[in-house]
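Asks: Quick one, fold the following:
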Amino acid sequence: MATLPALASVLRLPRRALHEGLGQIGRNLASRLVAIRAVLSRMWEHGRQRRDLQGLDERMLRDIGLTREDTERESRLPVWRLWP
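Replies: Predicted coordinates:
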């Protein structure tokens, strides 16, 4: 693996510019990882809610304005499908 001074000389960049550039890359990567984690958490939560709907009886479903067919259709959606 190349050291920063060697990489800076190959790229003909001042060492400071390389450090700043790598810092920006790290910040971009970190923000993307946070966004990916948020999406995965949302997918996990939607999956849990879909499973919970399957456990409700007919009276409970009627109370929230859903039918058994609604819950079955919702449970067949792929996990990555967050909205119908």
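Asks: mind listing the helices for this structure?
Replies: 4-11, 15-54, 58-63, 68-75 (DSSP state H).
Asks: Could you tell me the least trusted of those?
Replies: Lowest mean pLDDT within the helices of the chain: helix 4-11, at a mean of 61.
Asks: Can you tell me the closest non-neighbouring residue to Arg51?
Replies: Distance criterion Cβ to Cβ, 6 or more residues apart in numbering; nearest residue to Arg51, sequence neighbours excluded, is Ser75 at 7.5 Å. Every C-beta, even on glycine, is put in place using the N, C-alpha and C of the backbone.
Asks: Tally up the residues packed near the one you found, please.
Replies: The tally of other residues near Ser75 (other Cβ atoms under 10 Å) stands at 12.
Asks: Do I have it right that it meets Leu53?
Replies: Yes. Contact status for Ser75 versus Leu53: in contact at 7.1 Å, counting by Cβ atoms under 8 Å.
Asks: what sits against the residue nearest to Arg51?
Replies: 50-51, 53-54 (Cβ atoms under 8 Å, 6 or more residues apart in numbering).
Asks: Next one: it relative to Arg37, how far apart?
Replies: To Arg37, Ser75 is 25 Å away according to Cβ to Cβ, to the nearest Å.
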